[in-house]
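**Q** let me see the structure of the following:
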Amino acid sequence: MAWRLKRKCIIISILVLFAFLLFLAEISSDFRPPFKNPRPLFDFNETAFLPELNLSDSCFQWLLELGATPIPALLIDRHVLKQLKRGKCDNVDVINTVKIGVDIAHRWRAEVWDKKFEILFFSNDSNTDYLDFNTEIRRIIPQTFPRIRVKNLIVPTVIPNFLEFWNRSKFVECKNMTMKRDSKRFEKFPFLQKFILKDPEIPNFESVRNLAKLRDQFLKFGIFAFLNGGTFLGWFRECTVIPHTTDMDLAIFSENWNSQFFEFLWSRQSDFRVKRQLGMVNDSYEITVVPKSGFPTPIDIFLLYETKNETTGVDYRWVGGTAVDGTKYKYIYPPYDPYCSADLLGHIFWVTCTPEDKVTVGAYY
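**A** Numbers count the residues shown, from 1 in each chain. You can find the predicted model right below:
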């Protein structure tokens, strides 16, 4: 009899605890900042995208001569690309050699190339979305970008973006660590996990594919987003997405933001819809978007602001945060350098060149 009474008490206690946790979840959702009211979809005017190269006659004729290469080659020479952008090629001043990229599958034909070219070989793996350059310092750039073909020469047509790809091309490795996450209590009492409320885990590969889609849509406006928060930590520490994460994180320098992108998000051409918007563009701006199709993994987009410490005179970056009750926070970052590239599940993303410094706990923690 006493045993039955004890069992009833345990069951009632568990049910009360479960109801209390549901109540807390409901309360927390009530105090979250309101989502942005939906706006009607419209057709976006694509003239707001970065303009593509309009070749002058002199530049086209010059490329015809340069493009007489034995096999396809990608023009990556910064000096030449800048001259093409200016549109004046009557007297193109080529310094030493012209730098081009060639698929490593054609390496055996290297001896047939004209000496005016400096050849950088790259791998073009169908399982990734980047070109992997076999240089002394490993470099990767996106596989897909606007281009034209002049004979065998492939010429990027959104030159500012392409030059920035090369600026940020230095490859940074992740650590590929194995994390032990299960609590010792769960190892002894695995049934306890049934009573822990968890948000649904996001599908890793689909979520990263959508993150890459968002990366590409940013690029239409000249915006270079980089991995941030838990997404950055998961990449650097484990080379993947943290298993229990429920969203993805990107950051953008505030000076790189283009307000036309927010308008684009409400268009039919966008693959995403706005779930919420917080703060103002000049202070603690944050947007959450979700894909229009597939698993609705939320992607949080933060603006990173630059400020000078009035006491030390040292520049630092900060990003705003908002708690569930509306309280605002300022998260301080050291000087940030998102000018390197990384692989996250086969997709290229931009990251800080000093990831170890960014995840190391500071002296005051």
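
**Q** from what I see, residue 212 and residue 347 are in contact.
**A** Yes - contact criterion C-beta atoms under 8 Å: residue 212 and residue 347 qualify, at 4.2 Å. In this view, the C-beta of every residue, glycine as well, is placed from N, C-alpha and C.

**Q** where do the contact lists of these two overlap?
**A** residue 129 (C-beta atoms under 8 Å, 6 or more residues apart in numbering).

**Q** so which residues of the stretch 201-350 of the chain form helices?
**A** Assigned by DSSP state H, counting those that start in this stretch, the helices in the stretch 201-350 of the chain fall at 204-219, 229-238, 259-265.

**Q** where's residue 74 relative to residue 272, distance?
**A** 30 Å (C-beta to C-beta, to the nearest Å).

**Q** got it, and residue 286?
**A** 15 Å.

**Q** right, so of the helices of the stretch 201-350 of the chain, which gets closest to residue 251?
**A** The closest approach between residue 251 and any of the helices of the stretch 201-350 of the chain, judged by C-beta to C-beta, belongs to helix 229-238 at 7.7 Å.

**Q** next, the buried residues of the closest one.
**A** 229, 230, 231, 232, 233, 234, 235, 236, 237, 238 (16 or more other C-beta atoms under 10 Å).

**Q** now for these: which two are most distant?
**A** Maximum pairwise distance in the buried residues of helix 229-238, criterion C-beta to C-beta, is 14.4 Å, between 229 and 238.

**Q** start to end distance for stretch 236-250?
**A** 14 Å (C-alpha to C-alpha, to the nearest Å).

**Q** please apply the same query to stretch 137-157.
**A** Stretch 137-157 end-to-end distance (C-alpha to C-alpha) = 26 Å.

**Q** got a list of contacts for that stretch?
**A** 52-53, 55, 60, 63-64, 66-75, 81, 84, 100, 124, 128-133, 158, 161-162, 165-166, 169-171, 216, 219, 341, 343, 348.

**Q** and for stretch 73-86?
**A** In contact with stretch 73-86 (C-beta under 8 Å, 6+ apart) are residues 53, 55, 59, 63, 89, 92-95, 98-102, 117, 119-120, 122, 131, 152-156, 159-160, 162-163, 166.

**Q** what do you get if the cut-off is 7 Å, keeping everything else the same?
**A** 53, 59, 89, 92, 94-95, 98-102, 120, 152-156, 159, 162-163, 166 (C-beta atoms under 7 Å, 6 or more residues apart in numbering).

**Q** so which of the residues you listed are in helices?
**A** When these are checked against helices (DSSP state H), the matches are 59, 159, 162, 163, 166.

**Q** per-domain residue ranges of the chain.
**A** What automatic domain parsing lists as the domains of the chain is 50-167, 188-359.

**Q** what would those look like in JSON lines with mean pLDDT?
**A** Output for these, formatted as JSON lines (pLDDT from 0 to 100):
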{"stretch": "domain 50-167", "mean pLDDT": "90"}
{"stretch": "domain 188-359", "mean pLDDT": "89"}
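
**Q** possible to save those domains as a markdown table with distance to residue 44?
**A** Below are these laid out as a markdown table (distance: least, C-beta to C-beta, whole Å):
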| stretch | distance to residue 44 |
| --- | --- |
| domain 50-167 | 14 |
| domain 188-359 | 4 |
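
**Q** now list the buried members of the contacts of stretch 73-86.
**A** 53, 59, 89, 92, 98-102, 120, 153-156, 159, 162-163, 166.

**Q** strands - which of those land there?
**A** 98, 99, 100, 101, 102, 120, 153, 154, 155, 156 (DSSP state E).

**Q** all helices of the stretch 1-150 of the chain, in order?
**A** 2-30, 57-66, 78-86.

**Q** contacts only, for residue 172.
**A** 340, 341, 342, 351, 353, 355.

**Q** for these, which one is nearest residue 281?
**A** residue 351 (24.0 Å).

**Q** for that closest one, give me phi and psi.
**A** The phi and psi torsions at residue 351 (degrees, to the nearest 10) take the values phi -140, psi 170.

**Q** where's residue 330 relative to residue 79, distance?
**A** 42 Å.

**Q** quick one on the thing from earlier: now the contacts of residue 172 as CSV including distance to residue 261?
**A** Formatted as CSV, the contacts of residue 172 follow (distance: C-beta to C-beta, whole Å):
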residue, distance to residue 261
340, 23
341, 22
342, 23
351, 21
353, 25
355, 26
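
**Q** redo those as TSV? Include neighbour count and distance to residue 108.
**A** Output for those, formatted as TSV (neighbours: other C-beta atoms under 10 Å; distance: C-beta to C-beta, whole Å):
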residue	neighbour count	distance to residue 108
340	20	31
341	24	28
342	22	31
351	25	34
353	16	34
355	21	37
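
**Q** of these, which is the nearest to residue 48?
**A** Nearest member of the contacts of residue 172 to residue 48, counting by C-beta to C-beta, is residue 341, at 26.6 Å.

**Q** which PyMOL command selects the buried ones in the contacts of stretch 137-157?
**A** Buried subset of those, written as a PyMOL selection, criterion 16+ other C-beta under 10 Å:
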select buried, resi 53+55+63+66+67+69+72+73+74+75+81+84+100+128+129+130+131+132+133+158+161+162+165+166+169+171+219+341+343+348
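
**Q** ends of stretch 212-228, how far apart?
**A** First residue to last in stretch 212-228 (C-alpha to C-alpha) measures 14 Å.
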